[in-house]
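Have a look at this prediction, sequence included:
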Amino acid sequence: MGKFSKWIAGGLGWAFFGPIGGLLGFAIGSMMDNQAQQTIPGKQKQTTTGAYAMSLLVLVAAVMRADGKVVRAELDYVKQYFVKAFGHDAASEGVRMLGDLLKQEIPVRDVSLQIKQNMDYASRLQLLHFLFGISGADGMVHPDEIKVIEQIAYYLGLSQNDINSIRYMFVPKTDSAYKILGVDRDASVEDLKKAYRKMANKCHPDKVSHLGEDFRIAAKEKFQKVNEAYIQIKKERKIA
């Protein structure tokens with residue numbers, strides 16, 4: 001049994017129900033025989049690794065379907081991204097599950113609202129980071145994919161400041177470093193330091209440690225981007 005199967009078997013939690021559960025019927029199978037008895041709607045709110053992994057796959061499918069077509073190259077890019085984050089075995093298994101999801105219509109609003117109602121903020125923020133990362137895996141972030149990702153972010157209940165911060169980690173612009181920290185270019189040194197501490201705390205990998213070591217390690221990239229943005233600004237402005 002690979003990682004994705006283990007994550008599912010370990011507990012889908014609230015994701016067993018609602019639109020996500022409906023989409024994942026093909027993947028759940030016999031692994032859910034016991035899990036269904038352990039999960040009670042309205043009672044279990046903590047996000048399990050299984051719930052997070054399957055939420056990620058469903059949202060990735062929605063983004064990949066954004067331009068109305070899915071090509072083999074895109075699946076290869078996603079697999080490469082998964083290999084980097086979770087290893088070869090998990091990546092192959094995840095892509096197989098994703099392939100089945102891509103054959104279905106994804107109710108973006110309903111899925112995103114289910115996630116918002118049941119998943120903590122830090123984990124939702126990490127989902128957004130994954131989506132932008134996968135969208136840009138081929139070297140460019142497509143406009144149609146950005147549109148869907150921003151819709152997802154809105155329904156996930158993420159603040160516009162946080163959405164912009166994650167977006168500019170993948171869509172470089174002149175003021176990207178400032179956007180990542182959520183401040184204007186003319187921000188004072190004190191405001192810069194406050195913004196950095198706030199964003200670094202929000203993006204710290206330990207915030208998603210409850211999702212398991214694989215996802216905690218994957219979250220380091222987001223934290224590193226915040227640090228790099230702050231270092232860049234300090235060098236440009238010669239701040240000690």
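Noted; the coordinates are in hand.

Would you agree residue 126 is in contact with residue 210?
No. Contact between residue 126 and residue 210 fails when scored by CB atoms under 8 Å: they sit 11.4 Å apart. From N, CA and C alone the C-beta is placed, and that goes for glycine too.

Which one of the two is surrounded by more residues?
A direct count of neighbours by other CB atoms under 10 Å for residue 126 and residue 210 places residue 126 higher, at 26 against 16.

residues touching the more buried one, list them.
Under the criterion of CB atoms under 8 Å, 6 or more residues apart in numbering, the contact list for residue 126 reads 208, 211, 215, 218-219, 222.

Three-state assignment for it, please.
helix (DSSP: H, G, I helix; E, B strand; the rest coil).

So for it, what's the pLDDT?
If you check residue 126, the pLDDT there is 93.

For it, give its distance to residue 182.
Distance from residue 126 to residue 182, counting by CB to CB, to the nearest Å: 17 Å.

Please apply the same query to residue 166.
Taking CB to CB, one finds residue 166 at 11 Å from residue 182.

More neighbours: the two, which one.
The residue with more neighbours, out of residue 166 and residue 182, is residue 166; 26 against 21, by other CB under 10 Å.

my guess is that one contacts residue 125, does it?
Yes. Using CB under 8 Å, residue 166 is in contact with residue 125, at 7.0 Å.

shared neighbours of those two, which are they?
residue 222.

show me where pLDDT drops low in this protein?
Residues of the chain that meet the criterion pLDDT under 70 lie in 1-6, 8-12, 26-46, 137-140.

Can you name the residues that contact the residue nearest the centre of it?
Among the residues of the chain, residue 127 comes closest to the average C-alpha position under CA atoms, centre = their mean, at 1.5 Å. Residue 127 is in contact with 52, 55-56, 59, 115, 119, 156, counting by CB under 8 Å, 6+ apart.
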